[in-house]
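Q: When you get a sec, could you give me coordinates for this:
(chains A and B)
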Amino acid sequence: MHPIDGYLLDGSPSKEGAVAAVLANRSPIEAAQAFYRALDLLGPRVADEALIALRLALIGEAVDDDGVLRLRGHLSAARQGDAGAGRPIWPRWKRLERHARSIRCDGARTRASLRTCHAAACGRGSTDNASGDAADQVHNGGTIVGKITAIDYQRNMLGVVPADAGTSM
Amino acid sequence: MPSTSIQGKDSAYHAFTDLKPGQHVQILSSIADGKYVAQIIRIR
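A: Residues are numbered from 1 along each chain as shown, chains lettered A, B, ... in the order given. So this is what the prediction gives:
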């Protein structure tokens, strides 16, 4: 379980532990960088809402007030003893997390995280169009021309910003 | 699972570690099992 999930749902690890673990294993996802800077500055004094927002950013979800407040409501209910309160959000988180893991590379097999630039290049903001494919099907993902913005060499993950919105796909 | 070929302007062998932030690249990708996979990365 992700340390933020553990802290928010079960209180284990502690907030200090969760923040330390998150900062020790940073994702190159661009949307998460502002939250990392906040964690650097504030450490465990950061509000839970910021951790929720970071979690949303890490799984590729849009970070907005409504989403954060909705999740905070679920978490509050779960903490107050409603065992089922937290469940509705987890399947979606888990599905998105699986997708986030799948776009990492390992060993000599290199995969690149193209979802962000793909969405920017062809206006597909959701991963749902891709995740609906059958496991044994391979489709043309198109061509992306752009600039590398982030690289995670350990996980072989690449962040690319397309050169222009008219990139062919 | 496909692996990725990384091509530079020369004929030398290139690896993922040759990629650097700020570089301009062309990426030919595929979608398998709902995941985007870089098939060829050309350093421009």
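Q: So A:G142: helix, strand or coil?
A: Using DSSP: H, G, I helix; E, B strand; the rest coil, the secondary structure recorded for A:G142 is strand.
Q: isn't it right up against B:S29?
A: Yes - A:G142 is in contact with B:S29 according to CB atoms under 8 Å; the separation is 6.2 Å. Where you see a C-beta, it was placed from the backbone N, CA and C, and this is true even at glycine.
Q: which one of these two has more residues nearby?
A: Between A:G142 and B:S29, B:S29 has the larger neighbour count (other CB atoms under 10 Å in any protein chain shown), namely 26 against 18.
Q: Give me the pLDDT value at the more buried one.
A: On pLDDT, B:S29 comes in at 80.
Q: and it, that's in a strand?
A: Yes - assessed by three-state DSSP, B:S29 belongs to a strand.
Q: for it, which residues make a bridge with it?
A: On the basis of DSSP bridges, B:S29 is bridged to A:G142, B:A38.
Q: what's the distance between it and A:I148?
A: 14 Å (CB to CB, to the nearest Å).
Q: per the record, what domains does chain A have?
A: Following automatic domain parsing, chain A resolves into domains at A:3-93, A:107-162.
Q: Kindly report which one of those domains carries the lowest mean pLDDT.
A: Ranked by mean pLDDT, those bottom out at domain A:107-162, which scores a mean of 55.
Q: Is residue 12 in a helix, a strand, or coil?
A: As the question left the chain open, I've gone with chain A. Strictly by three-state DSSP, A:S12 counts as coil.
Q: sorry, should have said chain B
A: Following three-state DSSP, the label given to B:A12 is coil.
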